[in-house]
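In: predicted model, plus sequence, below.
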Amino acid sequence: MNLLYPDTIVGSLKDIDLTYYWDLGKRGIILDIDNTITPWHQDTIAEGARIFIEEALRMPFQVCLLSNATYKRSAKIARQYNIPYVAMALKPRKKSFKQALGNMKLSAGQVIVIGDQLFTDIWGGNRTGCYTILVTPLDKKEFIWTQMMRGLESLLLRRRK
């Protein structure tokens with residue numbers, strides 16, 4: 001069960017103190033796309049996410065997108081910052097998280113995984129040995145399967161308290 005719990009829970013990306021994590025020795029960030037940096041199934045990066053990514057890259061964190069979205073959509077979003085991406089990742093598969101780590105040439109202990117779902121982003125990040133941060137989804141609109149899983153996620157998070 002501990003693999004399903006994030007190391008930290010925040011309301012949004014703006015609540016993440018990048019300097020704090022840099023000082024802890026973190027050097028990379030694996031970012032989910034849907035409902036973490038873009039509203040579900042859209043290509044436009046949310047303003048808060050744009051600011052977060054730009055600040056991370058300036059520090060200079062390495063950033064890699066990791067998504068179950070298509071190659072075409074993931075590439076379009078990643079190109080905006082010329083950052084690597086892993087698409088059609090089948091999260092929480094370890095293989096895709098390890099591919100993202102390889103893209104950044106960092107070890108799991110140096111990387112933060114940030115996403116909006118326990119059963120994909122957090123579980124996969126924890127299984128790989130990364131530090132995990134759960135963010136509140138940007139939008140309520142999402143894939144039907146994800147909507148169904150939100151209820152279970154909510155129960156698990158309440159049990160943790």
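Out: Happy to help now that I have it.
In: where exactly do the strands run in the protein?
Out: 8-10, 28-31, 62-66, 85-86, 111-115, 131-135 (DSSP state E).
In: dump the ones you listed to JSON lines, plus mean pLDDT, mean neighbour count and distance to Lys95.
Out: Quick note: C-beta positions are derived from backbone N, CA and C, even for glycine. Shown next, in JSON lines, are the strands of the chain (pLDDT from 0 to 100; neighbours: other CB atoms under 10 Å; distance: least, CB to CB, whole Å):
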{"stretch": "strand 8-10", "mean pLDDT": "94", "mean neighbour count": "15", "distance to Lys95": "25"}
{"stretch": "strand 28-31", "mean pLDDT": "98", "mean neighbour count": "27", "distance to Lys95": "13"}
{"stretch": "strand 62-66", "mean pLDDT": "97", "mean neighbour count": "25", "distance to Lys95": "11"}
{"stretch": "strand 85-86", "mean pLDDT": "97", "mean neighbour count": "25", "distance to Lys95": "9"}
{"stretch": "strand 111-115", "mean pLDDT": "97", "mean neighbour count": "28", "distance to Lys95": "15"}
{"stretch": "strand 131-135", "mean pLDDT": "96", "mean neighbour count": "24", "distance to Lys95": "18"}
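In: of the ones you listed, which is nearest Ser96?
Out: Ser96 sits nearest to strand 85-86 of all those, at 5.2 Å, using CB to CB.
In: lowest-confidence helix or strand of this structure?
Out: Counting by mean pLDDT, DSSP states H and E, the chain has its least confident helix or strand at helix 144-160, which shows a mean of 59.
In: quick check on the closest residue to Thr136 other than its chain neighbours: phi, psi?
Out: Of all residues not flanking Thr136 in the chain, Gly11 sits nearest, at 5.2 Å (CB to CB, 6 or more residues apart in numbering). Main-chain torsions, Gly11, degrees, to the nearest 10: phi -70, psi -40.
In: state the pLDDT value of Gly11.
Out: Gly11 is assigned a predicted lDDT (pLDDT) of 93.
In: run a quick neighbour tally on it.
Out: If you count neighbours by other CB atoms under 10 Å, Gly11 ends up with 9.
In: quick one: it and Leu138 touch, right?
Out: No - here Gly11 does not reach Leu138: they are 11.0 Å apart, not a contact under CB atoms under 8 Å.
In: that older thread, got the strands of the chain as JSON lines, with distance to Glu54 columns?
Out: Listed next are the strands of the chain as JSON lines, based on distance: least, CB to CB, whole Å:
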{"stretch": "strand 8-10", "distance to Glu54": "18"}
{"stretch": "strand 28-31", "distance to Glu54": "12"}
{"stretch": "strand 62-66", "distance to Glu54": "10"}
{"stretch": "strand 85-86", "distance to Glu54": "17"}
{"stretch": "strand 111-115", "distance to Glu54": "15"}
{"stretch": "strand 131-135", "distance to Glu54": "17"}
